[in-house]
Each structure stands twice: as C-alpha cells, then as structure tokens.
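Q: predicted model and sequence follow; I will ask about them next.
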Amino acid sequence: WSYGGGDETLRQYLAYKYAQLKPGGALVIRDVIGPEQGDEMMYAWFNDADGATPTYDEAAQADAHTLSTLGRFYKFAKEFFNGRGVEYAEEVIDGKKLIRASRKDIADFLGKKNYVDNWDSELHESFTHWSFGRWKEELERAGFTLDTALSYAYTNDWIAEHHFKGTAELFTKVGDKLVPEGWPPTNVILVARK
C-alpha cells in the first residue's frame, strides 16, 4: 500500500491471488492493521520526560534517538508519509497535556515510534492502511470468503509491554470526561478462501 498505488495496488494483488488459487484454496495474510473507525478523533497522553521535548518546529531537526515520546510525536507529525504529516491539536484536560488526533494517526505513531535507527524509512510507510473490517470488505470484493473462525486482529502483547506501556495513554472523551482506552490492534491474521 505505502510503496505502490495505495488501495488500487492492494486490490490488484488480491485479484492476482484469487486468480492463482484453485477452488478451495486459501490466501493467508499476517500483517500490520489499522483500527476500526480510523478517522475518528481520540486523545493520547505521550510521555514528555523520557527524553528531550523540543517545540514542534525544533523536533523536526532533532535526532529521534534523543527525543521523548512527545518529542517523537512532534517529529512524526511533521514528517510522516513523505511530509503529509499529521493534523492534531493539543489540549489540557484534567491537568493532562493531551494530543487530539485520528485513531489511525495515533496507531501509526505508536507502531513506529521506537524504530529510531531507521526513522526516515519507517516514516514512508503506513502501518494502518486498512482495518479488519476494510480487509474483509476488500477480500470479498475480490471474490474471497473470509474464514471468520480463523481470522482476527490483535494487539501484540510484547509490543504493548515494551513499546507502549509507560510512554502513552489513550482516551476517548464522553461528555466532559476522559475515558481510558486499550491499545489499538497491531497485527492481523486473515484466512481468505476461494
């Protein structure tokens, strides 16, 4: 998706795979995954004490190794996806400085914020191109039947423990209250049958 023609590249790939399979065959995909309702806005607290936290403009010039989680978000927000960047707002709610951005952009940031050794190349790729629901729709469009007993999106526990915990907290806002949320899915297994 990231290096080809986006949706059309994936659709063409799925059509090729469908044509290559014999009846009863299966295409098995294990990949990164986007959250459902990816364009919906949510809130995130990012740790600003686990490294340097310059301003948004200064973060773009900084080495990602030196930056706090919040500093890396600023850098990500400016540079992501060939400079497309990320639209976000900062708000203080209940004494917490929060980032308000789309679920998809927050999940993409969480998925790559620790890859500082190859930061520049990671920022050219989206990990959240399609959600589970969208994969199902696109597979069915290509003629497949998704085996729902074997297909599922999940959050990798190791990634959550070693990359997310202590660096971020996620929330939705219900009325005037912040409601904590779990981590977004990181991976998917899809079994699509012809």
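A: Looks like it came in fine.
Q: could you pull out the strands for this protein?
A: Applying DSSP state E to the chain gives strands spanning 26-32, 41-46, 89-93, 96-102, 145-146, 152-154, 168-174, 177-181, 187-193.
Q: distance across stretch 40-54, terminal residue to terminal residue?
A: End-to-end distance of stretch 40-54: 28 Å, with CA to CA, to the nearest Å as the criterion.
Q: quick check: buried residues in that stretch?
A: Buried residues in stretch 40-54, counting neighbours by 16 or more other CB atoms under 10 Å, are found at 41-47, 51-54. For the C-beta atoms, the positions are set from N, CA and C on the backbone; glycine is no exception.
Q: what's the local residue count around the closest residue to Lys17 other than its chain neighbours?
A: Of all residues not flanking Lys17 in the chain, Leu27 sits nearest, at 4.9 Å (CB to CB, 6 or more residues apart in numbering). When counting by other CB atoms under 10 Å, one arrives at 18 neighbours for Leu27.
Q: how about Phe164?
A: Counted by other CB under 10 Å, the residues lying close to Phe164 total 21.
Q: wait, it sits on Gly182?
A: No. Assessed by CB atoms under 8 Å, Phe164 is found out of contact with Gly182, at 10.1 Å.
Q: wait, what's in contact with the residue lying closest to Phe76 once chain neighbours are set aside?
A: Closest residue in space to Phe76, ignoring its immediate chain neighbours: Phe109 at 5.0 Å, by CB to CB, 6+ apart. The neighbours of Phe109, taking CB atoms under 8 Å, 6 or more residues apart in numbering as the test, are 72-73, 76-77, 80, 86.
Q: which ones among these are found in helices?
A: Members of the contacts of Phe109 lying in helices (criterion: DSSP state H): 72-73, 76-77, 80.
Q: please identify which of those residues is nearest to Thr148.
A: For these, the minimum distance to Thr148 (CB to CB) is 32.4 Å, reached by Phe80.
Q: and the closest one, how close does it get to Asp108?
A: 7 Å (CB to CB, to the nearest Å).
Q: who's more crowded, the two?
A: The neighbour count for Phe80 versus Asp108, taken as other CB under 10 Å, is higher for Asp108 (28 against 20).
Q: so what's the more buried one up against?
A: By CB under 8 Å, 6+ apart, the contact list for Asp108 reads 80, 126-128.
Q: which one of these sits in the busiest neighbourhood?
A: Neighbour max across these (other CB under 10 Å) = Thr128, 24 neighbours.
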